[in-house]
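J.: Structure here, sequence nowhere to be found:
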């Protein structure tokens, strides 16, 4: 390096700034993230980094028909939006008198873009009355018509013109799930935005000295959302009852300790078959290997065994809070309720886990409602509403309501129109932009963000129907925009956000452009 | 003021400036306005010029012509459609997606390479441009991933999701 270049880099801030710019401008996403991680670690100024915050991603697998979650409830004689809903939904339309009403403020901006600022009364599915209550208490918000985008698509005409690159494989489950979880819809999957956020935030907010478990915890197995780029933050998978133990070891009682037949109270091996088997396994794991893969396997297993103890201690700490988790989650399903209950317990035991920032992933299926939608979706909404209400109540009881933000995502919304004229058999098919739920003490609840779409189908003027006449909404808000607001709340600065969401600059800036209408946090 | 006091005063001022400079809150976190190359507004690339090149029928169209034939079985039709998807995937990187009529149009040549995988006409097409089974009901194409599309025929009763449906899940 030449002398004058060294002089240029002589201050720490200059070095950080220049290395960040170089990484962003010249190298690819992975290198940019690596540089950003070093920078954020260097920029961390010790304690006082915002306390504890947890982000909970609830993925509704299969494509949630959110057309019947957030519903126009006005009189169709005076509300064109309600009239369009009824016309489009046909046999799938919900009776407006049964909807749980939302007290949407008259100042809402959600009707500005597609409805000329004309206000339309809104409600939620009758089975989501608890969500309506949370909304009306200012604790929950909806983000309307979010979806995967490579670039903004302003209209049906623009969609049909072929002039705007679209996310590949629209309407395909696996591809759209991956794109939602990566946010980078126009490139092959390499990492999830939750994983990239963890890569950058972990070094800034979580101390390597106190952190006992990964920043990324999944209740639903290995997922795309939490795949990072550096390998520094790996996903740690637990299930609704706790850690995932070694195969062949199961609790003999209700203490959820899978090794109680293998280890005694002091941690010594029992003489039982399970004790002998565990000892043999762990003796083998102590061997060293020249093969790197074998060594890494050993390391992962050893880390998992160590973390099992930490999680167990966290659950003990959760029990010691005196909060009756089981009672609070009465009425929820084992699937969603079980996952959210475990997340609540891990949050309760956060001091044992030792992280200031935690990202959780949970998932429920069944949303691919091609048939009998009114029944099956009704049951799903009940599960969702009861689960989120119980989670809210538990976080309130734990005193961490302001520290946790929960948000939903799904493959896609579904077609507005039904695929059968028989209401008892009809379902809906794969769509595009849909409505998401965000809940938490930090959420500016009680409003609908983003841009509520026109519900006109086909080639009618003002239609946002993507190509067909089925009512597949061209998203007004990209996954990048939606997710960046959540990531900013977790403590990511503008440079980090630029690295985590490399396509964000293609869309209205959610932080500075009020027209984006994304100030939900 | 002695020289010692001057030095101490200078050091104090430097410390104050340094603390203000390095110790200030991360402004990015206060106001996350995006800046830098990663945040500049990026416009989509220019749209390609309209391609008026003729549609080229691929050899697989001969196999497709057997759809709904009396010489074949319903399950054969689904296998043939699966073959068309495989051929399409090889040329375009993924199966065609969307509603039946969109998938049919793509197989008929409405795709970036103007390649046809289906003959222009046949008993397998209805008047609205949909692929139909041998009983005249439009197929349901369920896109699972770029390489997997579930195909469902309503079967002889012409009603979907009943016991006589014919399905293929790759």
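T.: Sure, I can see it. Keep in mind the model is a prediction, meaning the values are calculated, not measured.

J.: just checking, what packs against the strand or helix carrying residue A:295?
T.: Assigned by DSSP states H and E, residue A:295 belongs to helix A:292-320. When contacts are defined as 3 or more CB pairs under 8 Å, 6 or more residues apart in numbering or on different chains; DSSP states H and E, helix A:292-320 packs onto strand A:242-243, helix A:273-285, helix A:336-348, helix A:350-353. The C-beta positions use only the backbone N, C-alpha and C, and glycine is treated the same way.

J.: Can you check what angle separates it from helix A:273-285?
T.: 130 degrees (axes from the mean of the first three to the mean of the last three CA atoms, to 10 degrees).

J.: Which is the succeeding secondary structure element to helix A:292-320?
T.: Downstream of helix A:292-320, the first helix or strand assigned by DSSP H and E is helix A:325-328.

J.: Give the next helix or strand downstream of the helix or strand of chain B with the lowest mean pLDDT.
T.: Ranked by mean pLDDT, DSSP states H and E, the weakest helix or strand in chain B is helix B:27-30, scoring a mean of 40. Scanning forward in sequence from helix B:27-30 by DSSP H and E, the next helix or strand is strand B:56-57.

J.: How far does that next one sit from its chain's centre?
T.: 23 Å (CA atoms, centre = their mean, to the nearest Å).

J.: so where's chain B uncertain?
T.: B:1-2, B:15-41 (pLDDT under 70).

J.: residue boundaries of the strands in it?
T.: For chain B, the strands defined by DSSP state E cover B:56-57, B:115-116, B:140-145, B:148-153, B:166-168.

J.: Identify the residue spatially nearest to residue A:376, adjacent ones excluded.
T.: residue A:369 (5.1 Å; CB to CB, 6 or more residues apart in numbering or on different chains).

J.: do the same with residue A:234
T.: Nearest in space to residue A:234, with sequence neighbours left out and distances taken as CB to CB, 6+ apart, is residue A:214 at 5.6 Å.

J.: before we move on, what about residue A:477?
T.: Looking at residue A:477 with CB to CB, 6+ apart, the closest residue is residue A:450, at 4.2 Å.

J.: What pLDDT does the model give that neighbour?
T.: pLDDT for residue A:450: 98.

J.: doesn't residue A:517 make contact with it?
T.: Yes: shown here, residue A:450 and residue A:517 form a contact pair, counting by CB atoms under 8 Å, at 5.9 Å.

J.: From residue B:139, how far out is residue B:84?
T.: Computed as CB to CB, to the nearest Å, the residue B:84 to residue B:139 distance reads 12 Å.

J.: do residue A:113 as well
T.: 37 Å.

J.: And the two? Which one has more around it.
T.: Higher neighbour count among residue A:113 and residue B:139: residue B:139, with 22 against 18, using other CB atoms under 10 Å in any protein chain shown.

J.: To which secondary structure element is residue A:78 assigned?
T.: With DSSP H and E as criterion, residue A:78 is part of no helix or strand.

J.: what about it, how many neighbours?
T.: With other CB under 10 Å as criterion, residue A:78 counts 10.

J.: hang on, the earlier thing: give the contact list for the residue nearest to residue A:477.
T.: A:110, A:143, A:144, A:145, A:146, A:476, A:477, A:482, A:517, A:518 (CB atoms under 8 Å, 6 or more residues apart in numbering or on different chains).

J.: Quick one: neighbours of the fourth one, just the number.
T.: By the other CB under 10 Å criterion, the neighbourhood of residue A:145 contains 27 residues.

J.: what lines up beside the helix or strand containing it in the sheet?
T.: According to DSSP H and E, residue A:145 maps onto strand A:140-147. Using DSSP bridges, the strands paired with strand A:140-147 are strand A:434-440 (antiparallel), strand A:448-450 (parallel), strand A:477-478 (parallel).
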